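Participant: Okay, sequence plus prediction incoming.
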Amino acid sequence: SEQRLADGSQIGVGDVVRARGNGGAIALLADGSHIEMRSNTELSVDRADDGIRIALENGGLIVHAAKQRGGHFYVQTKDVTVSVVGTVFLVRAEEEGSRVAVMEGEVRVQQGNSSKKLLSGEQLSTNPLMERIPVNEEISWSESAPVHVARLQQTTAPATPRPSSPRR
């Protein structure tokens, strides 16, 4: 079934969802995950062999993935699959490629035969020609952007230097 999203709608396997207008929308999944969609985003929800898969046709979303009890949570674009374990991350699908950025936790990004782990504060573009955008700008459309930015700053803050041991 295709639906335009009202904020806070629960979506499930088989749903095709479009967020229209300027505001975007927030959708909830049965496992407790929730997804912030920017405006003009289109996705569908499918069952994966070992969990649930969001197929992102175009647009951008921020996923707050619940801790998975035994299954996996995937976001798939035309050229990349992102698998997660309890984390917050962004995926964006554009004509020229896909972009993945992690705000908290870690994700595994599968592109063709290569797989890469991304940690908090890291991002990846599938096309080297895509302009690199700082994560805080990439998520500026989100109503929760200040929270995400604060989360990023905590996880990517430089480690405090250890006091040097006194010289003998």
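Facilitator: Yep, that arrived. Residues are numbered from 1 along each chain as shown.
Participant: Skipping adjacent residues, who's closest to Gln10 in space?
Facilitator: In space, and not counting its chain neighbours, Gln10 is closest to Leu28: 4.7 Å by CB to CB, 6 or more residues apart in numbering. All C-beta spots, glycine's among them, are computed from the backbone N, C-alpha and C.
Participant: now what about the longest helix anywhere in the chain, what contacts it?
Facilitator: Identified as the longest helix of the chain according to DSSP state H is helix 145-156. Under the contact criterion CB atoms under 8 Å, 6 or more residues apart in numbering, helix 145-156 has outside partners Ile62, Val88, Met103, Glu104, Ser120, Gly121, Val135, Asn136, Ile139, Ser142.
Participant: Try it again at 10 Å.
Facilitator: By CB atoms under 10 Å, 6 or more residues apart in numbering, the surrounding residues in contact with helix 145-156 are 36, 62, 64, 88-90, 101-105, 119-122, 134-140, 142, 144.
Participant: re earlier: what's the neighbour count on the residue nearest to Gln10?
Facilitator: Applying other CB atoms under 10 Å, we find 16 other residues in the vicinity of Leu28.
Participant: do the one 3 residues further on as well
Facilitator: Taking other CB under 10 Å as the criterion, the count of residues near Asp31 is 16.
Participant: Quick check: the gap between Ala93 and Ile133.
Facilitator: 15 Å (CB to CB, to the nearest Å).
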